[in-house]
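# turn this into a structure:
(4 chains)
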There are 2 protein chains.
Amino acid sequence: MTKKDHNTEEVIKEAARIVFQREGFAGARMQEIADEAGINKMMLHYYFRSKQHLFDVIFEEDYSTLMVPLAVILRNPELHVEEQIIRFVRGYHETMIEHPRLPLFLIHEFAKNPHKVLEMAQKAIPVSKSEEPAHPNLSATTFMDQIEEGKALGRYNDVDARQLAVSMLGMCTHAFISRISVRTAYEMTDEQYVKFLEERKEHVVDHTFRILMKPDYYGKWKNKYQKEKDNTST
Amino acid sequence: MTKKDHNTEEVIKEAARIVFQREGFAGARMQEIADEAGINKMMLHYYFRSKQHLFDVIFEEDYSTLMVPLAVILRNPELHVEEQIIRFVRGYHETMIEHPRLPLFLIHEFAKNPHKVLEMAQKAIPVSKSEEPAHPNLSATTFMDQIEEGKALGRYNDVDARQLAVSMLGMCTHAFISRISVRTAYEMTDEQYVKFLEERKEHVVDHTFRILMKPDYYGKWKNKYQKEKDNTST
DNA sequence: GTCTATACGGTGATAGAC
DNA sequence: GTCTATCACCGTATAGAC
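Numbering: from 1, shown residues only, chains lettered A, B, ... in the order given. Here you go, the predicted model:
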């Protein structure tokens, strides 16, 4: 427990993470996890009571990996909605490039067991104001309110904020969820696909803002943004 | 086979469809399917050799349900890309409102068994020209070429056509795939959610065109489209 | 041709030796 | 703390009754 920097528990968890993310709960075999970890199958039961319990531990961690940073962004009342969108999209892509199976894994298990996940969300994401839902769901009033405000100022198009939020999330998730389809369709190698994802980050921000902003306001933002980018890179 | 309008085979298939779509292949239990069909579990093996075979039948049908109509639209060289987009997005939503679990089901099983699905695609979707990939993947040259053409004509923004295609697909799928999240986030009843999806159809077209088209060309399209819509409804 | 009973194989879980 | 042996269960497949 002291010297081993990769103690058994951690080895098991990483093996379980790989197998569960690839196969889902129902498709995963305890034997497979044991093989992946290079240990005896029974050790799994010694360290984690049951398959279900092991899964819950992994799922909760993975859920937090994705959701907590995003929730922090969306709940920050100091951040302007435009800055929220930029950070959200970039953060999403950066996390998911590291963990490309996470979106489909979370969505699939969530769909199979919504009640459980909603409970978990309460635990996983610390809530400051009690009224706020625990799911970082873009229903946060700040997000919606600021979009209404932008409309009133004549900066934003008359978009439905909820539809916009769903579109933005869809644009974020789809490249990861349909990895095989996209790769096959465009005949990409692994390297080309990673490059596509890296680039996609900025495209999604751009697409979102084209939907949200009136053309001239978008033009101004684009100019300002381009300058900032140039300054950063030089 | 003659008189019974719902013969056993059909009853089993519908039960299997429900359970497979809900649980996935690995999560589905033969007993569950039998219960759903109101028959003895062993009948499943009588009519369909194995779980795998039953699954393949269902999956192939479901795959065609979604893909064939979309492929027809995308492969039609007569259709202008703008008309392709409109029909694609509407067709997708209309089919998926009927079969809301289909997107996640197909994507999940596809991700778990890409090789098999790609083979299936060859069978399911008749290919006219041999070079064309069997997957209705938006890589069809007509789609890409027409976007380049629109750019050259100064109608379209300088968007990456592949990024646009992925965004459009993501906007289409996400509302269905993350049904629970969306419903929870916006606290919708069943009826409100269906209404949201019905409306979303036109929003996605709109979002896509805002990404694709230069502002004034978008304005012209919007005007023309609004008139057509008014004429249709009156 | 339709249905039932039983055998097989694999998975998750447990008891106990070292 | 680690591993072996074994159990109980469940889904699948087969054989055979009606």
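
# neighbours around residue A:158, how many?
For residue A:158, the count of nearby residues is 6 (other CB atoms under 10 Å in any protein chain shown). Backbone N, C-alpha and C define where each C-beta goes, glycine included.

# which residues of chain A lie near DNA strand C?
For chain A, the residues in contact with DNA strand C (CB under 7 Å from any atom of the strand) are A:28, A:29, A:30, A:31, A:41, A:42, A:45, A:49, A:50, A:51, A:52.

# just name the closest of the residues you listed to residue A:233, please.
Distance to residue A:233, by CB to CB, is smallest for residue A:28 among the residues of chain A next to DNA strand C, at 43.7 Å.

# quick one: that closest one and residue A:21 touch, right?
No. The criterion here is CB atoms under 8 Å, and residue A:28 misses it with residue A:21 at 9.2 Å.

# quickly find the element holding the one residue in chain A that gets nearest to DNA strand D.
Residue nearest to DNA strand D within chain A (CB to the nearest atom of the strand): residue A:42, separated by 3.8 Å. Assigned by DSSP states H and E, residue A:42 belongs to helix A:41-47.

# doesn't residue A:31 belong to a strand?
No. Assignment of residue A:31 by DSSP: H, G, I helix; E, B strand; the rest coil gives helix, placing it outside any strand.

# could you pull out the helices in chain A for me?
A:8-27, A:30-37, A:41-47, A:51-75, A:81-98, A:102-112, A:114-124, A:141-152, A:161-177, A:179-185, A:190-212, A:215-233 (DSSP state H).

# in the second one, what's buried?
This points to helix A:30-37. For helix A:30-37, burial by neighbour count (16 or more other CB atoms under 10 Å in any protein chain shown) applies to A:30, A:32, A:33, A:34, A:36, A:37.

# and it, anywhere near chain B?
No. Between helix A:30-37 and chain B, judged by CB under 8 Å from any CB of the partner chain, nothing touches; the nearest distance is 12.0 Å.

# point to the helix or strand of chain A where mean pLDDT is at its lowest.
Here the helix or strand of chain A ranked lowest by mean pLDDT, DSSP states H and E is helix A:114-124, holding a mean of 79.

# and the contacts of it?
Residues outside helix A:114-124 that contact it (CB atoms under 8 Å, 6 or more residues apart in numbering or on different chains) are A:59, A:60, A:63, A:64, A:67, A:68, A:109, A:110, A:134, A:135, B:180, B:184.

# quick one: low-confidence residue ranges for chain A.
For chain A, the stretches with pLDDT under 70 are A:1-6, A:124-141, A:234.

# go through the least confident helix or strand of chain A and flag the buried ones.
Buried residues in helix A:114-124, counted by 16+ other CB under 10 Å: A:117, A:118, A:120, A:121, A:124.

# let's have the residues you listed in a markdown table, adding distance to DNA strand D.
Formatted as a markdown table, those follow (distance: CB to the nearest atom of the strand, whole Å):
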| residue | distance to DNA strand D |
| --- | --- |
| A:117 | 23 |
| A:118 | 26 |
| A:120 | 25 |
| A:121 | 29 |
| A:124 | 27 |
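
# ok, for residue A:81, nearest residue in space, not its chain neighbours?
Nearest residue to residue A:81, sequence neighbours excluded (CB to CB, 6 or more residues apart in numbering or on different chains): residue A:146, at 3.8 Å.

# re earlier: which members of the buried residues of helix A:114-124 are the farthest-apart pair?
Taking CB to CB, the two most distant members of these are A:118 and A:124; they sit 10.7 Å apart.

# so how many other residues sit close to residue A:65?
For residue A:65, the neighbour count with other CB under 10 Å is 16.

# surely it meets residue A:92?
No. Residue A:65 is not in contact with residue A:92 according to CB under 8 Å; the separation is 11.6 Å.

# phi and psi next, for residue A:29.
Here is the backbone geometry of residue A:29 (degrees, to the nearest 10): phi -110, psi 140.

# near residue A:227, how many other residues are there?
Residue A:227: 10 neighbours (other CB under 10 Å).

# which residues sit in contact with it?
Counted by CB under 8 Å, 6+ apart, residue A:227 has zero contacts.

# look up how far residue B:157 lies from it.
Per CB to CB, to the nearest Å, residue A:227 is found 20 Å from residue B:157.

# do the same with residue A:77
33 Å.

# so which of these two has more stuff around it?
Using other CB under 10 Å, the more surrounded residue of residue A:77 and residue B:157 is residue B:157, with 18 against 10.

# tally up the residues packed near the nearest residue to that one once chain neighbours are set aside, please.
Of all residues not flanking residue B:157 in the chain, residue B:214 sits nearest, at 5.8 Å (CB to CB, 6+ apart). Neighbours of residue B:214 under the rule other CB under 10 Å: 17.
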